[in-house]
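In: Sequence plus predicted model, see below.
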Amino acid sequence: MDSSEVLEPDGLVLVDSKPGISGFAVDPGRGFVAVMVGGDRAIYTVVSPRDKTDVRSAEALTLVQLSGGLDLGTPILPPDILARLVADEMETADVREMRPKVKLLRVDVVPSPYYGSFAEEDTKDTSSVTATPQSTPERDANIESQAAKVLEAVNKLPGLNGEASLEQVEVGLRLHADESGQLDRDGFMALLDTLRNEINVMEPSKVKFKLLVSVNDDDGGNERELEIAAPSAVVAIGLALRYKVEVVVSEECQVEGFDVMEIPSRFPNFRPIQQLYEDAKIMDGFIPSMFSRHKAPDNDDKV
């Protein structure tokens, strides 16, 4: 049994509930989620909606690797991203000069002011939206005949990566094809947007993240603290893991959360962060040993 889990007499498995980032899970309805703990309460945020059966997105892989101490996700989390965020906040262009002066102190998890407003928001301007052409037997036949080829084409493009279905493509063609059922360039781009939005849909998050950063203003050692809004969950959690800083879940978020004992039942595929770290240590020793076993034999080893 893993050291991060405790087996109670009645068979109930309790997840280690240390404050901060508790672990990650692949959820069939939500995607890849990060679970955070404050007190005896837990709350989650969706990192990537695409990882509903396994970890495949660059965002999810970056966080899993960071959990094991492997900082490999530079396209998702560049080495200078913290300095960039501070430079933007301070309205200075010299990121290179800023980089050695900044230090991440803490990441705070606070309520999102936008949570719950999406269902009520109905203020989009639809005046420029083109009406869908009327359905005819000829149009429907042309859509059906080309749907498989369109599916093959779109699934090779970034943002879809083979995840669109034939049904989704047919629905998109009915929305964006012309009167004869054919796609022009604008129609194809509109179809791509529709498919990407449908596949990568992410539920509104209850939380947002704030980065508490220390900035050394000059060579004299004078420091000041800045609070910066993190642009995304993957950036906030990734930076916390990279710099090994505390993640604090606010009391307001704890109220909106759930009991830590419910983590295994809510997320059956949950992996505690300590388990990911231990797995990474095993692999770190396993890969070199595999290489040494498969190296060319020395002269004394040959028959």
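Out: Cool, got the structure. Numbering: from 1, shown residues only.
In: what are the ranges of the helices in the protein?
Out: 58-67, 81-90, 95-98, 137-154, 166-176, 185-199, 233-243, 251-256, 263-266, 273-293 (DSSP state H).
In: Next, format those helices as a markdown table and append mean pLDDT.
Out: Listed next are the helices of the chain as a markdown table, based on pLDDT from 0 to 100:
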| stretch | mean pLDDT |
| --- | --- |
| helix 58-67 | 89 |
| helix 81-90 | 91 |
| helix 95-98 | 87 |
| helix 137-154 | 90 |
| helix 166-176 | 89 |
| helix 185-199 | 78 |
| helix 233-243 | 95 |
| helix 251-256 | 90 |
| helix 263-266 | 93 |
| helix 273-293 | 62 |
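In: Which of these sits closest to Asp217?
Out: Of all those, helix 81-90 sits nearest to Asp217, with 9.8 Å by C-beta to C-beta. Just so you know, the C-beta spots here come from the backbone N, C-alpha and C atoms, and that holds for glycine as well.
In: Which residues are in contact with the nearest residue to Glu225 once chain neighbours are set aside?
Out: Nearest residue to Glu225, sequence neighbours excluded (C-beta to C-beta, 6 or more residues apart in numbering): Ser214, at 5.6 Å. Contact partners of Ser214, counting by C-beta atoms under 8 Å, 6 or more residues apart in numbering, are 102-105, 223-226.
In: so Ser214 bridges to which residues?
Out: In this entry, Ser214 is beta-bridged to Lys103, Glu225, by DSSP bridges.
In: try Arg41
Out: With DSSP bridges as the rule, Arg41 is bridged to Gly38, Asp259.
In: so what pLDDT did the residue nearest to Glu225 get?
Out: pLDDT, Ser214: 94.
In: Next: Asp51.
Out: According to the per-residue confidence, Asp51 scores 86 in pLDDT.
In: Spatially central residue in this protein, please.
Out: By C-alpha atoms, centre = their mean, the mean C-alpha position of the chain lies nearest to Val47, the distance being 2.6 Å.
In: so how far is Leu183 from that residue?
Out: Look at Val47 and Leu183: by C-beta to C-beta, to the nearest Å, they are 33 Å apart.
In: pLDDT below threshold where in the stretch 1-150 of the chain?
Out: Low-confidence segments of the stretch 1-150 of the chain, defined by pLDDT under 70: 1-17, 73, 114-131.
In: repeat that for 80
Out: Per-residue confidence for the stretch 1-150 of the chain (pLDDT under 80) gives these ranges: 1-18, 72-75, 93, 113-132.
In: Thr132 versus Glu203, what's the distance?
Out: Distance of Glu203 to Thr132, computed by C-beta to C-beta: 27 Å.
In: Compare these two (neighbour count), which wins?
Out: Counted by other C-beta atoms under 10 Å, Glu203 and Thr132 do not tie: Glu203 has more neighbours, with 14 against 10.
In: which residues does the more buried one contact?
Out: Contacts of Glu203 (C-beta under 8 Å, 6+ apart): 30, 46, 49.
In: Format these as a markdown table; extra columns: distance to Thr194 and neighbour count.
Out: As requested, those are arranged in a markdown table below (distance: C-beta to C-beta, whole Å; neighbours: other C-beta atoms under 10 Å):
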| residue | distance to Thr194 | neighbour count |
| --- | --- | --- |
| Arg30 | 21 | 19 |
| Val46 | 21 | 17 |
| Pro49 | 16 | 19 |
